[in-house]
Each structure stands twice: as C-alpha cells, then as structure tokens.
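>>> only the shape, not the letters, is given here:
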Ligand SMILES: Nc1nc2c(c(=O)[nH]1)N[C@H]1C(S)=C(S)[C@@H](COP(=O)(O)O)O[C@H]1N2
Ligand SMILES: [Mo]
C-alpha cells in the first residue's frame, strides 16, 4: 500500500480526522528512507568496528575481510587485478568492498521494513563475516572478533530505531505529529546523528591507526650495527642510466605483498625462530641479530609478476646477518630440503637449502640503504636471497625459518599456480626513451637496466627495427647479484621505429627471445619499444 502524505486532502471526510489506522504489516518507513537507513546503519557498523579495532590495535574488520579475500581469490582474478590496477590493487579491493557493502546495505534497510527481524539479521550476518575473517587472520585471538561484533551491534541499534519495521505498536500520535505512525522528524534527527557519529568514529579510528603506525616508525632504530670489512661504495660509473638510479631510494623501491595493513611488530616482543630439521633450534631477538657479524651487499630484488619491461624490480644495499652463519649454529640436518619461512602476517615461502649454503649472500636483512628496514619493506627483519624471485625467498616481517622437506610445506604462492623453485631469469629493460614519448630526429640516447642475479651481466645489445644487434656501453659492474645499467646512442630518423634490447650473462647465455607471461616462473622475451620520431 502506498502511503498518502499527511497533508493530502481527504475528500471523503470533513469530520475531525482520526489518525488513520496502520494495517499491522504495513511498512512504516518510506522505502527510499528505509534504504538510506540501511546505508547509515552499515556506515555506523563499519565505523564502530574500525574504531574498536584501532583502539585494540588490530586491523579493521574491512581489512580482515579484504585479507581473507586476497588469500582466497583464484589466481586469474588476482592477475587481472594486478593487470588493471597495478600496485593500486589494494586500494581497488578496499573500494570494491565498500561498493559491495553500499549496494547491499540499502536492501537490508528495505528488508527491515517488511520483516522486523530482517534488518538485525542482515547486519548481524555481516558482523559475523567480519568476525570470522578477523578470527582467521594469523595470530588472532578470540578478541579479534570483538570489533566486528561491536560494530554490528551499533549498526543494529541504529537500524532498529530508524526502521522499526511492521507490526510494532505505534504510540498513538497526536494529529499534528505522524498520523501514519512514522515520524519524519525523528528519522531525520536520528539518521543525521548516526551519520555524523559514523563519520566521527571513522575519523578517530584513522587517527588512532596513524598514531600507532607513527609510534612504530618512531621506534625503528636510527642506526645499524657495524658491518664486516669495508662499507660498500657505489662507483659513479655504475650510474649511466639517466632514468633509473643504480641504487633505488627506499621510498621508490617497488613494493609487493599481500598485507592490506602493515604488520605492527612490537620490537620488544619480536623474535625470529630457526626451527624444524636442525640440531639446535635458535630464537633470536632484534638485538641478538644486531650483535652478530653483519654483511653489506648490493642486491637487486625482482618480482616474478613483473612483465617484460615492467617496474617490479629494484636495487638496494642490504645489511644483515648471513643465513649460512645462523644455519651453521643451528646445525641443519642432512635430509632437510627446504628453507621455509613465515611472516608475522602469515605469509610463507620456501627455497632450496642449497641456496642458503652454496656461498651466495642469503641473509636476514635488518638494513636497507644505510637505514633500518622501512616498515613497508619488512621491519624488523626480512630474508633476502640473491638470485631468487621474491615470492620464493624474500619474506618481510620475518617470524620463523623452518628447515623442512618439500613435501611437508608449500609457500603461499605455490598452490596458487606458481613454480616451486624460481631462480631469476636474465632480463633487460629500456627506460629511455619512455614508451609513447615523442622523439626528435637526430642523436637519441637509449638507456636501461639489465640483470642476471648470481651470474652477472657481460653484454647488452640494442637493435633498431630489423638492423644489427649493437653492443651498448655498460655501467660499472658492482656485484653479480645487482643489475647493471647500460646506455647507447642512436641517430634517429623520422618515422616509426622499434627498439629492442637483449642481455647476455657471464656464463655466455643470452636471454631467450621467446615470449612467456610471468606465470608460473617469470616472464621472458625481449623488451620492445615502438617510438615515433619526428
Ligand atoms: N610477509 C610478506 N613478505 C613478502 C611478500 C608478502 O606478500 N608478504 N611478498 C614477496 C614478494 S612476491 C616480493 S616480490 C617481495 C617484494 O619485496 P619488496 O616489497 O620489499 O620490494 O617480497 C616478498 N615478501
Ligand atoms: Mo613478487
């Protein structure tokens, strides 16, 4: 039944009107406003959940749901998200969750208008999803469920007030008040107050969150321990590429991880354990690690998801403790096959024991470019293993290192379709000219980077159109585990041209021209750029 507005003239009666009786199961709130009420109730639930979580120092319910989602999405969807949104994929996920909530919440409001129990049930269902997600996050205790449940309770309270639902005895209204039992004035004040409360609670939650992160950042030590031998100096001759610094500043270093909110590690409680198939398990505090002999190495980290020519590769001076030294103290048992590590946020990966013991500089890193690790890159400590893609080796926010077999544990990405073992492939990239950038005829500088961690780069060649492969000039080599810059000059003639690059490593092997996508173990093919010369 459609309600008539209270002011509508009633020509059937000229007598003093009795307020019309509302049929028992007639919706009491106009549908559009019931939908709005659902939205406001959901906003209150989310904001109160965020506030409770921030006070308790845990991740917000939305982030818990998002993280569970990340852990469950099929690989093709994950790849699509990365293709569409790049490193903004987390923002896209957050926006997606809010959009879904905002689409469903009005329906909950409408349902509440038809059946009294439907509103509370709908919001409670969301609260339970949030609680279940939070409980399922690594390291979560029962208290993790509280923010979602509190949020749901607040949302229900708001919804019940705004949308009382049918069949509720309505106090006999005075003629000038709500003749149909629904009080517009009360709706406006209550919904306005609830919306304002949601905004305030959300704002306070974000502030508390920011302050907690600041507090953790402020606790990050400003100095690193001394290193064995001489500090590394980067020769000026390593930097011949005008577009990409040889050492990537920490703030520009690519970031890839599944963490929606940064893990908040309390340094005084943090330890890294070395366990499993070892004779003497170790448990090391941050200070224990700092007091051990430390090395400093220039290592280029690369993500397996990087497309040919892509940005997910960076180079830094890492400082830390040699993993081989720690494993020698722990005594690796002969049948151990895999170094399997777990992060504070429950991410895992594994690499062959040989990669820790074959003489390469696999380390527990504490420092990056002369500073303690930034929070984004794994503070307090992470693994860095030269020559292996990050997804099998470079655990940030490190918690445990377990010596085990391949059968007994598989890293996070392995059941999601990525290779169990993943050495970095020889690759090269053109950084100048930029793709799509107009080029003037005449002398043009072409420059880029090339990498073949563990083997080193011996040659980079560039080809224009179908011409000869011509060697580029190489920047100074700093380490076989670091990338190498290259540069060459080209006399550009007007028209459309194709620029290609290929690298050869020190074993004499040239990278394959065969094009392969990143999955399952790293993209291949020559980086190719189309330019228009005017
Ligand atoms: N805890 C944790 N560590 C992680 C990951 C992660 O998702 N969680 N991602 C890995 C991947 S896929 C890569 S490529 C590197 C990236 O390290 P960066 O963000 O410091 O560049 O971290 C690795 N370590
Ligand atoms: Mo990665």
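Alright, I've got the coordinates. It should be emphasised that the depicted structure is a prediction, and the values quoted were computed from it without experimental measurement. Numbering: from 1, shown residues only. Ligands and ions are numbered 1, 2, ... in the order given.

>>> okay, now residue 300: neighbour count?
Residue 300 is flanked by 23 other residues according to other CB atoms under 10 Å. To be clear about C-beta, it is placed using only N, CA and C from the backbone, and glycine gets the same treatment.

>>> check which helix or strand covers it.
Using DSSP states H and E, residue 300 maps to strand 295-302.

>>> do that strand and ligand 2 meet?
No - under the criterion of CB under 5 Å from the ion, ligand 2 is not reached by strand 295-302; the shortest gap measures 7.8 Å.

>>> quick one: strands adjacent to that strand?
With DSSP bridges as the test, strand 295-302 is paired with strand 313-322 (antiparallel).

>>> off-centre distance for the partner strand?
21 Å (CA atoms, centre = their mean, to the nearest Å).

>>> from the contact counts, what lies against the next helix or strand after it?
Going down the chain from strand 313-322, the next helix or strand is helix 323-330, by DSSP H and E. Contacts defined by 3 or more CB pairs under 8 Å, 6 or more residues apart in numbering; DSSP states H and E place helix 323-330 against strand 271-276, strand 282-285, helix 353-357, strand 363-368, strand 398-404.

>>> helices along the stretch 101-250 of the chain, start to end?
118-136, 146-162, 184-219 (DSSP state H, counting those that start in this stretch).

>>> for ligand 2, what are the nearby residues on the stretch 151-300 of the chain?
Contact residues, the stretch 151-300 of the chain versus ligand 2 (CB under 5 Å from the ion): residue 256.

>>> okay, now the unreliable bits of the stretch 151-300 of the chain?
Applying pLDDT under 70 to the stretch 151-300 of the chain flags the ranges 167-182.

>>> from the helices and strands packed on helix 323-330, which stretch is densest packed?
Highest mean neighbour count of the helices and strands packed on helix 323-330: strand 363-368, a mean of 26 (counted as mean count of other CB atoms under 10 Å).

>>> give the contact list for the closest residue to residue 213 other than its chain neighbours.
In this structure, residue 213 finds its nearest non-sequential neighbour in residue 262, 6.7 Å apart by CB to CB, 6 or more residues apart in numbering. The contact partners of residue 262, taken as CB atoms under 8 Å, 6 or more residues apart in numbering, are 213, 375, 376.

>>> helix, strand, or coil at the last one?
With DSSP: H, G, I helix; E, B strand; the rest coil as the basis, the three-state label of residue 376 is helix.

>>> quick check: closest non-adjacent residue to it.
Excluding the flanking residues, the one nearest residue 376 by CB to CB, 6+ apart is residue 255, at 5.3 Å.

>>> near that neighbour, how many other residues are there?
14.

>>> name the residues of the lowest-mean-pLDDT helix or strand in the chain that are buried.
Ranking every helix and strand in the chain by mean pLDDT, DSSP states H and E puts helix 75-85 at the bottom, with a mean of 83. Applying a neighbour-count criterion of 16 or more other CB atoms under 10 Å, the buried positions in helix 75-85 are 78, 79, 81, 82.

>>> then stretch 506-523?
Residues 511, 518, 519, 520, 521, 522, 523 are the ones in stretch 506-523 that count as buried (16+ other CB under 10 Å).

>>> what's in contact with that stretch?
Contacts of stretch 506-523 (CB under 8 Å, 6+ apart): 75, 79, 304-308, 310, 389, 417-419, 421-422, 424-428, 452, 455-459, 480, 502-505, 524-526.

>>> pull out the buried members of those residues.
Buried members of these, counted by 16+ other CB under 10 Å: 79, 304-306, 308, 310, 389, 418-419, 422, 424-428, 452, 455-459, 480, 502-505, 524-526.

>>> residues contacting residue 406?
337, 338, 350, 420.

>>> SS state for the residue nearest to residue 213?
coil.

>>> circling back to that earlier point, of the buried residues of helix 75-85, which is the nearest to residue 280?
residue 78 (39.4 Å; CB to CB).

>>> state the distance from the closest one to residue 520.
When distance is defined by CB to CB, to the nearest Å, residue 78 is 13 Å away from residue 520.

>>> and the protein, which residues reach ligand 1?
Listed as neighbours of ligand 1 in the chain under the rule CB under 6 Å from any ligand atom: 253-259, 301, 303, 343, 345, 347, 377, 390-391, 394-397.

>>> could I get the contacting residues of the residue of the stretch 151-300 of the chain found nearest ligand 2?
For the stretch 151-300 of the chain and ligand 2, the shortest gap (CB to the ion) falls at residue 256, measuring 4.5 Å. Residue 256 makes contacts with 87, 303, 305, 312, 390, as judged by CB under 8 Å, 6+ apart.

>>> who are the neighbours in contact with the fourth one?
Each residue near residue 312 by CB under 8 Å, 6+ apart is listed here: 254, 256, 302, 303, 305, 306.

>>> and what about the second one, helix, strand or coil?
When you say that, I think you mean residue 256. Residue 256 - assigned by three-state DSSP - is coil.

>>> likewise for the fifth one?
For residue 305, the assignment made with three-state DSSP gives coil.

>>> surely it touches residue 82?
Yes - in this structure residue 305 lies within contact range of residue 82 using CB atoms under 8 Å: 6.2 Å.

>>> how's this protein carved up into domains?
When the chain is parsed with automatic domain parsing, its domains come out as 31-216, 236-416, 427-533.

>>> re earlier: closest to residue 446 among the contacts of residue 256?
residue 312 (21.9 Å).

>>> from the stretch 301-450 of the chain, which residue is nearest to ligand 1?
Using CB to the nearest ligand atom, residue 390 is the residue of the stretch 301-450 of the chain that sits closest to ligand 1, at 2.5 Å.

>>> need the contact list for that residue.
Contact analysis of residue 390 by CB under 8 Å, 6+ apart lists 256, 301, 302, 303, 304.

>>> would you mind measuring from it to residue 268?
28 Å.

>>> same check on residue 445?
Taking CB to CB as the measure, residue 445 falls 51 Å from residue 268.

>>> more neighbours: which of these two?
residue 445 (14 against 9).

>>> surely that one is in a strand?
Yes - per three-state DSSP, residue 445 lies within a strand segment.

>>> list the contacts of it.
For residue 445, the contacting residues are 242, 432, 487, 488, 489, 490, by CB under 8 Å, 6+ apart.

>>> now the buried members of those residues.
Among the contacts of residue 445, those classed as buried by 16+ other CB under 10 Å are 432, 487, 488, 490.

>>> wouldn't residue 366 be in contact with residue 296 here?
No - counting by CB under 8 Å, residue 366 stays clear of residue 296, with 10.7 Å between them.

>>> for residue 526, give me its contacts.
The contact partners of residue 526, by CB under 8 Å, 6+ apart, come to 308, 428, 500, 501, 502, 511, 513.

>>> repeat that for 6 Å
By CB atoms under 6 Å, 6 or more residues apart in numbering, the contact set of residue 526 is 500, 502, 513.

>>> format the residues you listed as TSV; extra columns: pLDDT.
Below are the contacts of residue 526 laid out as TSV (pLDDT from 0 to 100):
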residue	pLDDT
500	98
502	98
513	97
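
>>> out of these, who's nearest residue 292?
Taking those together and measuring to residue 292 by CB to CB, the closest member is residue 502, at 41.3 Å.

>>> give me the contact list for the helix or strand harbouring the closest one.
Here residue 502, judged by DSSP H and E, is contained in strand 495-505. Defining contact as CB under 6 Å, 6+ apart, one finds that strand 495-505 is touched by 426, 428, 430, 450, 452, 455, 457-465, 510-511, 526-532.

>>> kind regards, and thank you for your time.
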